[in-house]
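Peer 1: Structure for this input, please:
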Amino acid sequence: MIQISKILNDVPIFRMLGKESIDFIIERLKFRTYDANHTICKIGDPGDTMYIIISGGVDIIIQDQEGNEQVVASSGSGDYFGEMALLTGEPRSATVRTTEPSEMFLLVQKDFDVILEKFPSISLSMSKVVSKRLRETLSKASVLPRKAVKDAGPSGSLSETPLIDLINFCESNSLTGTLTITNEGKEGVFTYSRGEVISIKMDDKSDDSALDEMLKWEDGKFEIKSKPLTLDAKKEAESKDTKEILIVNNSLVVRKLIERAFRSLGYKVATAENVEKSKATIGQSIPDIVITDVKLADGLGLDLCKTVREDKDIPFIFLADDSVKSEFSDELKSLGKAELTKTHEVSEIVKLVENML
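Peer 2: Below is the predicted model:
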């Protein structure tokens with residue numbers, strides 16, 4: 001008997017989900033069998049399906065400049081492929097062919113979108129997978145000078161590594177330095193500090209318009225340069241040890257994902273699942289900032305904020321989606337030192353905390 005939940009728990013993007021979440025995903029999986037030497041997908045095909053290998057194996061194949069096929073990786077039972085396409089929407093960058101009779105689970109785009117809407121925390125796990133795959137790609141594609149310098153970093157082609165993947169890579173690896181991309185005589189420079197975009201420069205365009213244009217570039221070159229951590233930067237990072245964050249959320253998974261992100265940045269983190277427990281936590285140790293859902297199991301995050309503000313002027317960040325923003329945005333303005341997130345992306349939450357502290 002196939003232990004489907006065990007297979008899914010071995011897939012990094014699903015590893016931290018609980019039984020209810022896994023069961024929800026299992027209901028949306030499709031089962032397929034393939035003969036040996038079957039081409040599952042080809043370079044340029046729409047990237048609308050993720051595959052999880054139950055048994056058998058596949059070769060991952062690319063083409064060289066002369067059009068000759070080259071096997072760059074092989075995968076077997078328990079491995080998976082196609083997850084980057086679900087996230088980026090990009091066409092297939094490789095051909096995948098079975099090496100023996102194989103059984104697989106398939107997760108198509110529309111079902112993945114439903115899962116992501118119900119469990120948005122998966123997007124963080126997905127970004128880590130994308131970053132890992134990108135690091136592997138960059139390690140193969142990078143062209144470094146013979147005599148390395150301190151700020152040398154990976155470089156390559158935008159046609160092989162799209163800008164959106166590069167941005168995910170820089171954020172996930174807490175880059176302090178620059179990402180420079182060029183296309184047909186134009187140059188864009190992203191300046192990062194510990195994974196946060198400080199500025200985006202291209203000609204005299206605003207950050208947003210420069211980013212919009214560069215995201216359309218399909219060809220060009222990129223180069224990532226990291227700056228060494230200076231003494232002042234070290235002190236700044238160490239000073240974060242004195243900053244404490246309280247995360248209040250109904251979901252254990254969401255709490256753990258946000259907690260992990262901030263602990264990796266050097267913050268102290270406490271968590272609570274509802275209003276009552278968060279009040280008890282604040283009674284024991286006053287946080288420097290509170291990150292909370294707008295709606296909690298036993299009350300509203302806004303009411304929690306008002307209660308806390310009776311004694312302490314603590315900044316609040318509220319996790320909200322479009323369905324509740326209009327309901328609370330006016331009341332939020334009267335609170336001061338409070339922000340609503342635009343998305344549930346951890347990178348956005350980190351940026352808001354950095355700006356508020």
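Peer 1: Report the residue ranges of every domain in this structure.
Peer 2: 4-119, 142-228, 234-356 (automatic domain parsing).
Peer 1: Make CSV from those and add mean pLDDT and mean neighbour count to it.
Peer 2: For every residue, glycine as well, the C-beta is placed using N, CA and C. Below are those laid out as CSV (pLDDT from 0 to 100; neighbours: other Cβ atoms under 10 Å):
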stretch, mean pLDDT, mean neighbour count
domain 4-119, 82, 16
domain 142-228, 76, 16
domain 234-356, 82, 16
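Peer 1: tell me the helices in the stretch 101-250 of the chain, going along the chain?
Peer 2: Ranges of helices in the stretch 101-250 of the chain, per DSSP state H, counting those that start in this stretch, are 109-118, 122-141, 163-172, 207-214, 231-239.
Peer 1: same question for the longest one, mean pLDDT?
Peer 2: Throughout helix 122-141, pLDDT has a mean value of 51.
Peer 1: L304: helix or strand, and which one exactly?
Peer 2: Using DSSP states H and E, L304 falls within helix 301-309.
Peer 1: try L8
Peer 2: L8 belongs to helix 4-9, assigned by DSSP H and E.
Peer 1: other SSEs contacting that helix?
Peer 2: Where contact means 3 or more Cβ pairs under 8 Å, 6 or more residues apart in numbering; DSSP states H and E, helix 4-9 is packed against helix 19-26, strand 49-63.
Peer 1: Go again with 10 Å.
Peer 2: helix 19-26, strand 49-63, strand 95-108 (3 or more Cβ pairs under 10 Å, 6 or more residues apart in numbering; DSSP states H and E).
Peer 1: Can you add distance to E218 and give the ones you listed back as TSV?
Peer 2: Below are those laid out as TSV (distance: least, Cβ to Cβ, whole Å):
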stretch	distance to E218
helix 19-26	33
strand 49-63	17
strand 95-108	20
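Peer 1: isn't F190 right up against L211?
Peer 2: Yes - contact status for F190 versus L211: in contact at 8.6 Å, counting by Cβ atoms under 10 Å.
Peer 1: Quick check: neighbours shared by those two?
Peer 2: Overlap of the contact sets of F190 and L211 (by Cβ atoms under 10 Å, 6 or more residues apart in numbering) consists of L163, I167, V197, I200, M202.
Peer 1: picking that back up, give me the sheet partners of the helix or strand that the helix holding L304 is followed by and which way each runs.
Peer 2: Using DSSP H and E, the next helix or strand after helix 301-309 towards the C-terminus is strand 316-319. Paired strands of strand 316-319, with direction, are strand 289-293 (parallel), strand 338-340 (parallel) (DSSP bridges).
Peer 1: Let me have the ones you listed in JSON lines, extended by distance to D207.
Peer 2: JSON lines is the format used below for the strands paired with strand 316-319 (distance: least, Cβ to Cβ, whole Å):
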{"stretch": "strand 289-293", "distance to D207": "25"}
{"stretch": "strand 338-340", "distance to D207": "19"}
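Peer 1: Which one of the ones you listed lies nearest to S347?
Peer 2: strand 289-293 (13.7 Å; Cβ to Cβ).
Peer 1: which strands and helices sit next to the helix or strand that the closest one is followed by?
Peer 2: Next helix or strand after strand 289-293 toward the C-terminus (DSSP H and E): strand 295-296. Other elements packing on strand 295-296 under the criterion 3+ Cβ pairs under 10 Å, 6+ apart are helix 275-284, helix 301-309, helix 322-333.
Peer 1: Out of the ones you listed, flag the one nearest R28.
Peer 2: Nearest of these (Cβ to Cβ): helix 322-333, 22.6 Å.
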